[in-house]
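Q: coords below, sequence missing:
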């Protein structure tokens, strides 16, 4: 009981201190174009900026811990539900990408694997594993700051719009924090070479 009360108190504190505005999703996209990579509009940027800033802070935590600096924030109705950063090295678990940890936390907090009314903000375009997890959790939207440098084949987009799946997810490349997210990644790998 105490753990659930602490989690709820932390969640309420995060929601009050990290975001004062509501973020509304556009429901007007048709199913056929829902997974196309969209360019975010300036009004979307204003609302998304706080969430992406939190994702950058998570990526910075990962950097300091010697993890690949990727951060993710999961939002529902304009409120932060979960946030995470990569933890593969610390836990020695290949599955512990920021997106997967974030989805796991959100499922626990909300008591459901269906997160179809949630959206994710992540510092790097999701890898194929994370794109699959995003599809399985039925997220409505994913906004990422910088492209994976090997993404010329648009694999993430292909997974999110696969006709084999009965769910669609909007994928948005918001370049507002692209330079900051990319610099974190390049600095991290320069230190390891």
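A: Alright, I've got the coordinates. Because the structure is predicted, anything quoted here is derived from the model rather than measured.
Q: same question for stretch 93-100, mean pLDDT?
A: The predicted model assigns stretch 93-100 a mean pLDDT of 97.
Q: sorry, that was for stretch 160-172
A: 87.
Q: elements contacting the helix or strand residue 189 falls within?
A: Under the criterion of DSSP states H and E, residue 189 resides in helix 178-191. Contact analysis of helix 178-191 by 3 or more CB pairs under 8 Å, 6 or more residues apart in numbering; DSSP states H and E lists helix 42-64, strand 118-124, strand 141-146 as its packing neighbours. Backbone N, C-alpha and C define where each C-beta goes, glycine included.
Q: kindly list the single helix or strand of this structure that scores lowest on mean pLDDT.
A: Least confident helix or strand of the chain, by mean pLDDT, DSSP states H and E, is helix 2-18 with a mean of 43.
Q: now the helix holding residue 189 against strand 118-124, angle please.
A: With axes from the mean of the first three to the mean of the last three CA atoms, to 10 degrees applied, the angle from helix 178-191 to strand 118-124 works out at 50 degrees.
Q: ok, and what's touching helix 178-191?
A: 56, 59, 60, 63, 68, 69, 70, 123, 124, 145, 146 (CB atoms under 8 Å, 6 or more residues apart in numbering).
Q: spit out the contact partners of the fifth one.
A: Read that as residue 68. With CB under 8 Å, 6+ apart, residue 68 has these contacts: 62, 86, 88, 185, 188.
Q: just the buried residues of those residues.
A: With neighbours counted by 16 or more other CB atoms under 10 Å, the contacts of residue 68 contain buried members at 62, 86, 88, 185, 188.
Q: of the residues you listed, closest to residue 141?
A: The shortest approach to residue 141 among the buried ones among the contacts of residue 68 belongs to residue 86, at 21.4 Å (CB to CB).
Q: how close does that closest one sit to residue 172?
A: Distance of residue 86 to residue 172, given as CB to CB, to the nearest Å: 21 Å.
Q: and residue 158, by the same measure?
A: 16 Å.
Q: okay, the two: which has more neighbours?
A: residue 172 (18 against 12; other CB atoms under 10 Å).
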